[in-house]
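> 3D, please:
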Amino acid sequence: MFFNTKKYAEEAEKNRKKNLKQEPSLFNMISLGLLASFPPTRLFLRLHKRHIDDQAIIEEKTGDFEQIPVIYFHGFRGGDYTTKVMIDQALKDKKTDKFLKVTLDLLGNFKLEGTWTGDKNPIVQVVFRQRIIGIYGIDYYMRMLLPFLSKKYHFKTYTAISHSLSCPCVVRTEMRYAKQKKFPHLDKCAFIAGPFNGVTYLGDIPNVNIITEKGRPSLMNPHYLYLLLNKRRFNPNISVLNIYGNVLDDTNTDKFISVVSAKSIRYILAPQSHSFREVEIRGENAEHSWMHDNPLVIDIINKFTGIKN
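Numbers count the residues shown, from 1 in each chain. Predicted coordinates:
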C-alpha cells in the first residue's frame, strides 16, 4: 500500500461545493504557503497592507461574564465545509442560528461575516484562504488570527475544536505564547484525527511505530519532539479531548492518520492538563475525512464544550 495523493485530494474535497473564482489559484496557495513556512520569508507577507472587510454584527452581552468563544479550525486542504456540520449541530444545541465566520489569508487580510453573539460561548468558524499549507503555515495563521479576534471581541480564553493538521498547531501555539498575557489562551481543546507524530506514508509507516509500556511512541518526528520538549509550557488548567479513528483494516489508521500518531499526544498532555479524555471511533465511520461529520463525534464534542448538556 502506498500513499495515494490523488485519492487523498478526492476524499478531502468530498461534499465540497466551491466556486473556483472565489478562491486563490494553486500557485497563490503554494507560493504564499511556502513564504509563511519560514520565518525569514514571512517579512514579504507582512509588507502587504492589511485589509479588514468587517460585515459582522456584535451583540451586547446577555450577562456579567467572561466570554469564551468556541473556535472551529480546519486542516490541510480543508475549508468551511470541514466544520459546517459540526457548527450546524452546535447551533441547534444552542437554539440559535447566529455565528461568526472569519476568513483570512496569509497576507493578513480578514473578512468577518455573521454575528458575534452576546452569550457566554460565541461560535466562530475559521477559514484559511490559502488552504494547501503545512504545519508552519497554520502556525502563522493562528499567530495572526487569535490576537486579532481577542482584541476585537475582548476575550482572554477560548475553546478550540480542531480537525487534522490544525490539531498540533493549536498545541504548538499555546506552548509558544504561554508566557504572553495579552495572547488568548486555551480553556479547552478538542482534537479530531490529529497527526501529532506524522501522517501515514509521509513519515509514519503503518504498524511500524508503537506505543511503549510507558505510553510514549517509540519513534518521534521533529514536530512531536517540539511538543515533548515544551510540554511544561502547556497550562495545567486546560481540558483536553482527543478523538481518533480506526477503520479496522490492516493498517490501524483512519486511512491517513495512524492510531499511534493520534494517540501519541496523550504522553505529552495527559500529565500536564486539567483533564484528558480520549475516544477511539471504529469502523467505516472512522475514516479521516468523515470524522468531522460523524454524529457521535459531534455529540461527544458538544457535551465536552458544554454546548450540549
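> Sketch out the low-pLDDT regions of the chain for me.
In the prediction, the chain carries residues with pLDDT under 70 at positions 1-21.
> rerun at 50
Counting by pLDDT under 50, the chain contains low-confidence residues at 1-5, 8-9, 12-21.
> all helices in the stretch 151-300 of the chain, in order from the N-terminus.
The residue ranges that make up the helices of the stretch 151-300 of the chain, judged by DSSP state H, counting those that start in this stretch, are 166-176, 222-229, 259-263, 265-269, 295-305.
> Keeping just the C-alphas, turn the fourth one into CSV.
Think helix 265-269. Below are the C-alpha coordinates for helix 265-269, written out as CSV (Å, rounded to 0.1, in the frame of the first residue of the first chain):
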residue,chain,number,x,y,z
ILE,A,265,-0.3,13.3,22.3
ARG,A,266,-1.5,11.6,25.4
TYR,A,267,2.0,11.0,26.6
ILE,A,268,2.7,14.8,26.4
LEU,A,269,-0.6,16.4,27.5
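> rewinding a little: mind putting the helices of the stretch 151-300 of the chain into a markdown table with mean neighbour count?
Any C-beta I mention is one placed from the backbone N, CA and C, and that applies to glycine too. As requested, the helices of the stretch 151-300 of the chain are exported to a markdown table (neighbours: other C-beta atoms under 10 Å):
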| stretch | mean neighbour count |
| --- | --- |
| helix 166-176 | 24 |
| helix 222-229 | 16 |
| helix 259-263 | 24 |
| helix 265-269 | 21 |
| helix 295-305 | 19 |
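> Report the contact partners of residue 192.
In this structure, residue 192 makes contact with 161, 162, 163, 164, 167, 243, 244, 291, 292, 297, 301, judged by C-beta atoms under 8 Å, 6 or more residues apart in numbering.
> The closest residue to the fifth one other than its chain neighbours and residue 240, how far apart?
If you skip the residues right next to it in sequence, residue 167 has residue 194 as its closest partner in space, 2.9 Å away by C-beta to C-beta, 6 or more residues apart in numbering. Between residue 194 and residue 240 the distance, using C-beta to C-beta, to the nearest Å, works out to 11 Å.
> Over to residue 226?
Using C-beta to C-beta, we find residue 226 at a distance of 18 Å from residue 240.
> returning to what we had before: more neighbours: which of residue 194 and residue 240?
With other C-beta atoms under 10 Å as the criterion, residue 194 and residue 240 differ in neighbour count, and residue 194 comes out ahead with 28 against 23.
> Which residue ranges of this protein form strands?
For the chain, the strands defined by DSSP state E cover 52-54, 57-58, 70-73, 100-104, 110-116, 123-128, 157-163, 185-192, 199-200, 203-204, 239-246, 275-282.
> Bridge partners for residue 104, pull those for me.
With beta bridges defined as DSSP bridges, residue 104 has these partners: residue 110, residue 128.
> Surely it touches residue 125?
No. Using C-beta atoms under 8 Å, residue 104 and residue 125 do not qualify as a contacting pair, with a distance of 11.7 Å.
> re earlier: which one of the contacts of residue 192 is nearest residue 108?
residue 162 (21.7 Å; C-beta to C-beta).
> Quick check: the gap between that closest one and residue 177.
The value you get for residue 162 to residue 177, if C-beta to C-beta is used, is 16 Å.
> For those two, indicate the residue with more neighbours.
Under the criterion of other C-beta under 10 Å, the comparison of residue 162 against residue 177 puts residue 162 first, with 26 against 18.
> Apart from its neighbours in sequence, what residue is nearest the more buried one?
Skipping the residues right next to it in sequence, residue 162 comes nearest to residue 73 by C-beta to C-beta, 6+ apart, at 4.6 Å.
> again with residue 147
Nearest in space to residue 147, with sequence neighbours left out and distances taken as C-beta to C-beta, 6+ apart, is residue 183 at 6.0 Å.
> Please name the residues that touch the residue nearest to residue 167.
Here residue 194 is in contact with 162, 164, 167, 168, 242, 244, 257, 261, 262, 265 (C-beta under 8 Å, 6+ apart).
> And those, which two are furthest apart?
The largest separation in the contacts of residue 194, counting by C-beta to C-beta, is between 162 and 261 at 14.8 Å.
> Neighbours of residue 187, how many?
22.
> gap between it and residue 70?
Applying C-beta to C-beta to residue 187 and residue 70 gives a distance of 10 Å.
> Show residues contacting stretch 301-309.
For stretch 301-309, the external contacting residues (C-beta under 8 Å, 6+ apart) are 70, 86, 89-90, 93-94, 121, 159, 161, 188, 190, 192, 239, 241, 243, 277, 299.
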